[in-house]
Structures are given as C-alpha cells and as structure tokens.
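A.B. asks: Sequence and predicted model, in that order:
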Amino acid sequence: MINQYFKLIKDLRTKKRLNQEEIAEKIGISRSSYISFEQGKTELNFSQIVKLSDFFGISLEEVESGKKPNNEKYKEMILACIRKGSAKDGRILKTKLAKMLYLADFAWFYDNLKSMSGMQYRRIQYGPVPDMYFRAIDELEEAGKISIDHKNEMLLISENESSQKQLFKKISKPEMSLIGKITKKWKDKKTNEIVDFTHNQLPYKICNPDEIIPYELITQEDPEYVY
C-alpha cells in the first residue's frame, strides 16, 4: 500500500510556491518520477525522504506518516517518565527513558488503537525511537526543564526543580495511569533488561533497520509482553 505522505509534501510545496521540477532536482530524481510520487503511484527511498525532511525543515516521521505528531504532548510524556521513572537520585539514563516512552505509546495503541503521542518510531540499532526524541530532549534542556550529565557516557537525565511542579495538561488521567504502571515496572530494573524486552517484541524483531515500525504489530503480542 502506498504511503499517504505525498499529500503532505504536495501541500508544503504549493504553500512555498515551488514547482515539481524544483523539488525533483533537490532530491535527485526526474520530474516525471516526482510527479508519479505526488500522484501517489510510487514511493521514495530513504535517502530521498531524508532530503525532503531537510529541505522542508520537518522531521522524518512527519514526512513518512504524512501527519504532524503532537510534539508538546510528547515533551510532557518525557517529563512524566523522568518524574515517575527516575532512580532515587532523580536521574534516568537516556536510553532507558526512550524505551519507557516507546512502551507507553505502543501499550496505549494496544488498548485504544491509537498512539499516545502520534510519533512514528524507527527501528534503529539501540531500539525503537522517534526522530523527534533527540530534538525534544535538546529543546527541554535548552528550556531549562531538564539537566543532562554530559560527563557520563550514558547520559543521565534529571528534571529541574523549576519544572517539577509543572502540571501535565495534554496527558489524560488514563494515559498518566499507564505511564505510571510502565515506569513502576521498569524503574528499578537495569537498562539492558528493558532494552532486551523491547528488542524481543514482535514490532522490533520483524522490521528492517531504519524502517518505521507500524503500531499495528503490537496488537499481535500477548498481553504480558506489551510492557
């Protein structure tokens, strides 16, 4: 099935008043090939998608999903997982945090057939993660809401005191309850345990490197292996 992101790209192109030949040249394909893409007849390869992402200044998951995820809600989810899933010293490893967020999104989809954040998770070597994760962490640090111990090779993250009283307006009570269950289960476990758990789940196992992981795959898991 052809992805629907061609509609988003066409909309962005027309808003910027660019013609099809200009975009085709930017991503290194012929005008006829680009027209076929905009008509939804053909797909682009990964390198061409990356070029579109860079050119239009949007994330890869926005290009590939054809939708704009809820970035502000995702940042609240990050803060919630830090607040609830940190060790006694108030810090959590960046890798472990990423896994908790993934489990929250996919577990929510398991029960509700929609993700919590709308993010698209990519299968990379260290696990499933949206492209937005790294940018969101940087933006939260720049905003003074989190601190990152850059001296530690594993990157330990903590929530700053000024952010700890922040109320989460975009996360519903049922969503927060699920985040609480996931962080409670994994906060005292070693990072490699949650990494192994997510790597052995069906969504990660059957997707190819750099591929976007379809949320629907989690519905094939047994309930005890969702998070």
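C.D. replies: Done, it's in.

A.B. asks: got the domain boundaries for the chain?
C.D. replies: Per automatic domain parsing, the structural domains of the chain span 5-65, 71-225.

A.B. asks: The spatially closest residue to residue 204 that is not a sequence neighbour - how many residues pack around it?
C.D. replies: Nearest residue to residue 204, sequence neighbours excluded (C-beta to C-beta, 6 or more residues apart in numbering): residue 128, at 5.5 Å. (C-beta placed from N, C-alpha, C; glycine too.) Neighbours of residue 128 under the rule other C-beta atoms under 10 Å: 23.

A.B. asks: Can I take it that residue 128 is in a strand?
C.D. replies: Yes: Residue 128 forms part of a strand when assessed by DSSP: H, G, I helix; E, B strand; the rest coil.

A.B. asks: check contacts around residue 103.
C.D. replies: 182, 186, 194, 198, 226, 227 (C-beta atoms under 8 Å, 6 or more residues apart in numbering).

A.B. asks: Now name the helix or strand holding it.
C.D. replies: Element membership of residue 103 [criterion: DSSP states H and E] is helix 94-112.

A.B. asks: which other helices and strands contact the following helix or strand past that helix?
C.D. replies: Next in sequence after helix 94-112, counting helices and strands by DSSP H and E, comes strand 121-124. Packed against strand 121-124 by the contact rule (3 or more C-beta pairs under 8 Å, 6 or more residues apart in numbering; DSSP states H and E) you find helix 60-65, helix 94-112, strand 127-130.

A.B. asks: Pull the helix or strand just after the shortest one out as PDB, backbone CA atoms only.
C.D. replies: Beyond strand 127-130 on the C-terminal side, the first helix or strand identified by DSSP H and E is helix 132-142. Provided in PDB are the C-alpha atoms of helix 132-142 (Å, rounded to 0.1, in the frame of the first residue of the first chain):
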ATOM      1  CA  MET A 132      11.800  13.700  17.500                       C
ATOM      2  CA  TYR A 133      13.100  12.100  20.700                       C
ATOM      3  CA  PHE A 134      16.600  13.600  20.300                       C
ATOM      4  CA  ARG A 135      15.300  17.000  19.300                       C
ATOM      5  CA  ALA A 136      12.800  17.100  22.200                       C
ATOM      6  CA  ILE A 137      15.500  16.200  24.700                       C
ATOM      7  CA  ASP A 138      17.600  19.100  23.400                       C
ATOM      8  CA  GLU A 139      14.700  21.500  23.500                       C
ATOM      9  CA  LEU A 140      13.800  20.600  27.000                       C
ATOM     10  CA  GLU A 141      17.400  21.100  28.100                       C
ATOM     11  CA  GLU A 142      17.500  24.500  26.400                       C
END
